[in-house]
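**Q** Next one to model:
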Amino acid sequence: MPAGQWHNGRMTTLHLTNDAAADTLLSENPFALLVGMLLDQQIAMETAFVGPAKIQARIGALDPATIAGYDADAFVEVFRQSPAVHRFPGSMAKRVQEVSEVIVNTWNGDTTAIWTAGSPSGPEILRRLKALPGFGEQKAKIFLALLGKRLGVDAAGWREASAPYGEDGAFRSVADIVDPESLTRVRETKRAAKAAAKA
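**A** Take a look at the predicted model:
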């Protein structure tokens, strides 16, 4: 799918990984971006968002139908290959396949339908995201903020539904990254939040 077509005609290049090829894939393939968000737990954010490029390089495709139909054991091996896609290859490979199956069965294989079908409001997109395997409240809110802030998804009430991640001028999450400097600032905010939680 050509870049720009899945976010209201706005050509947006994401800068989430410090890897140009991985960032291009995330910018052009909405399923890749969703998978990157899914992988973003218990590993470095950049490692998570490079994951889709690793999967594509190893199996030759990155789309819901291909992954949903992939042999489960073989898909775990795709995750295990060095450099690993995730530090928990078994559970995360299974989760990616589960999300792929939902997109195939519920959204006719079209990832963008989650936030476009029926012109949904922000709260409705949030509800749809939370229905995906592995997308809890926080992950769903961050992804909604990413859609709204970076990809021109202008659904009614998206900022409120994604609060506090939809807030302008914040450096809370992947939704606020536009360049290496903002990536550093988001990493610092996350580190400070972790330290505060431990204290």
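
**Q** domains in this structure, as residue ranges please.
**A** 13-110, 112-199 (automatic domain parsing).

**Q** Tabulate those domains (a markdown table), appending mean neighbour count and mean pLDDT.
**A** For glycine as for every other residue, the C-beta is placed from the backbone atoms N, C-alpha and C. Formatted as a markdown table, those follow (neighbours: other CB atoms under 10 Å; pLDDT from 0 to 100):
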| stretch | mean neighbour count | mean pLDDT |
| --- | --- | --- |
| domain 13-110 | 18 | 96 |
| domain 112-199 | 17 | 92 |
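
**Q** Can you tell me the element the residue nearest to residue 189 when sequence neighbours are not counted falls in?
**A** In space, and not counting its chain neighbours, residue 189 is closest to residue 171: 5.0 Å by CB to CB, 6 or more residues apart in numbering. Secondary structure from DSSP states H and E places residue 171 outside every helix and strand.

**Q** quick one: residue 171 and residue 96, what's the gap?
**A** According to CB to CB, to the nearest Å, residue 171 and residue 96 sit 28 Å apart.

**Q** likewise residue 42?
**A** Distance from residue 42 to residue 96, by CB to CB: 15 Å.

**Q** what's the answer for residue 15, then?
**A** Counting by CB to CB, the separation of residue 15 from residue 96 is 23 Å.

**Q** Same question for residue 129.
**A** Residue 129 is 15 Å from residue 96, where distance means CB to CB.

**Q** And stretch 91-99, how far out from the chain middle?
**A** 13 Å (CA atoms, centre = their mean, to the nearest Å).

**Q** What sits closest to residue 36 if chain neighbours are left out?
**A** residue 49 (3.9 Å).

**Q** What helix or strand is the one you found located in?
**A** Element membership for residue 49 (DSSP H and E) is helix 45-59.

**Q** And the next helix or strand past that helix?
**A** Using DSSP H and E, the first helix or strand after helix 45-59 is helix 64-68.

**Q** Cool, thanks, talk later.
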